[in-house]
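A.B. asks: Sequence first, then the predicted structure:
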Amino acid sequence: MIGVIGDNTIDRYVGEVERTFVGGNALNVAVQLHRHGRPVHYSGAVADDPDGQVVRAAVEAQGVGVTGLRTDPGETAVTLVEVAADGERSFAREDFGVTARFVPAEAELDLLARCDWVHLGMTAAAQQVRDALRARGPVRLSQDCAVSPGHDGLEVAFLSVGDDRSRAPAAAREALAGGARLAVATCGAAGAYATDGQREWWQDATAADVVDTTGAGDSFIAGFIAARVDGHDVPTALRTGSQWAAATCGHLAGWPQDPS
């Protein structure tokens with residue numbers, strides 16, 4: 001079982017595309033893992049509002065399971081997404097809602113600590129969650145460090161440096177100095193880079209007919225984790241992540257879904 005903790009959101013596309021999807025860094029990773037046949041437990045929060053009902057219904061429809069999806073007072077997260085003609089997206093506004101305060105309850109942390117691997121998406125309480133999980137015993141942890149702070153105790157720190165590959169080694173060294181065992185930097189269309197401080201690996205981006213890059217980085221993370229949990233080496237994990245990311249670029253949103 002792979003545990004995934006963190007954000008979900010309503011992605012409202014504005015501009016040339018006027019549609020609404022469900023997404024979020026952590027939820028995208030969880031859904032991609034499930035769609036590729038890996039057992040996954042998603043832990044996050046929505047509010048008791050219409051957007052929260054949409055997120056919950058989408059999670060259930062994907063078969064991910066909602067036992068770890070908590071309803072908290074407040075508002076469900078909403079992101080306004082602008083997609084350019086070349087498929088590149090930008091965030092016009094992000095309201096994190098109840099996900100900004102989400103911390104798994106003690107019983108939920110007990111369950112997550114028994115997973116083979118736990119990934120943290122966007123969560124302001126990343127340090128608190130990492131400490132709580134490690135206090136329960138050894139657990140392989142990864143984190144999307146582009147959206148959550150800290151690197152200590154991570155099996156893999158996922159970074160994002162845009163299309164400038166030259167920035168990847170320095171960003172990775174910073175993550176390793178902060179306590180990560182392996183640093184993986186995605187470089188958009190320029191591919192990806194990984195290092196453990198002794199060795200380094202480069203991966204070209206897989207060719208794709210780009211419709212929308214939303215969720216591509218999350219799909220890369222999911223593919224990398226799946227390959228490592230399956231026992232594959234770093235080059236294979238990089239290649240798998242690149243292939244999953246390319247597939248996501250071929251459609252709107254972080255996974256195929258009917259817009260509302």
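C.D. replies: It's in.
A.B. asks: wait, what's in contact with residue 153?
C.D. replies: Residues in contact with residue 153 (C-beta atoms under 8 Å, 6 or more residues apart in numbering) are 130, 134, 141, 179. Every residue, glycine included, has its C-beta placed from N, CA and C.
A.B. asks: Figure out the helix or strand that the second one lives in.
C.D. replies: Think residue 134. Per DSSP states H and E: residue 134 is located in helix 126-135.
A.B. asks: Next, the buried residues of that helix.
C.D. replies: 126, 129, 130, 132, 133 (16 or more other C-beta atoms under 10 Å).
A.B. asks: Then stretch 42-58?
C.D. replies: 42, 43, 44, 45, 46, 47, 51, 52, 54, 55, 56, 58.
A.B. asks: Now do the contacts for the nearest residue to residue 16 once chain neighbours are set aside.
C.D. replies: Distances taken as C-beta to C-beta, 6 or more residues apart in numbering put residue 83 closest to residue 16, at 7.0 Å, once the chain neighbours are dropped. Contacts for residue 83 (C-beta under 8 Å, 6+ apart) come out as 13, 15, 16, 17, 89, 212, 214, 252.
A.B. asks: Among these, name the buried ones.
C.D. replies: Buried among the contacts of residue 83 by 16+ other C-beta under 10 Å: 13, 89, 212, 214, 252.
A.B. asks: which ones among the residues you listed are found in strands?
C.D. replies: 13, 89 (DSSP state E).
A.B. asks: how far out from the middle of the chain is the helix or strand of the chain with the lowest mean pLDDT?
C.D. replies: Among the helices and strands of the chain, strand 89-95 carries the lowest confidence by mean pLDDT, DSSP states H and E, at a mean of 84. Centroid separation for strand 89-95 versus its chain: 16 Å, with C-alpha atoms, centre = their mean, to the nearest Å.
A.B. asks: Quick check: end-to-end length of stretch 70-90?
C.D. replies: 28 Å (C-alpha to C-alpha, to the nearest Å).
A.B. asks: Go through it and flag the buried ones.
C.D. replies: Buried-residue list, stretch 70-90, by 16+ other C-beta under 10 Å: 71-72, 74-81, 83, 87, 89.
A.B. asks: Bridged to the residue nearest to residue 16, which residues?
C.D. replies: Taking DSSP bridges, one obtains residue 89 as the residues bridged to residue 83.
A.B. asks: tell me the pLDDT at it?
C.D. replies: pLDDT for residue 83: 77.
A.B. asks: What distance do you get for it to residue 76?
C.D. replies: As judged by C-beta to C-beta, to the nearest Å, residue 83 and residue 76 stand 22 Å apart.
A.B. asks: Next: residue 150.
C.D. replies: Applying C-beta to C-beta to residue 150 and residue 76 gives a distance of 26 Å.
A.B. asks: same deal with residue 257?
C.D. replies: Using C-beta to C-beta, one gets 16 Å for the distance from residue 257 to residue 76.
A.B. asks: try residue 96
C.D. replies: In terms of C-beta to C-beta, residue 96 sits 10 Å off from residue 76.
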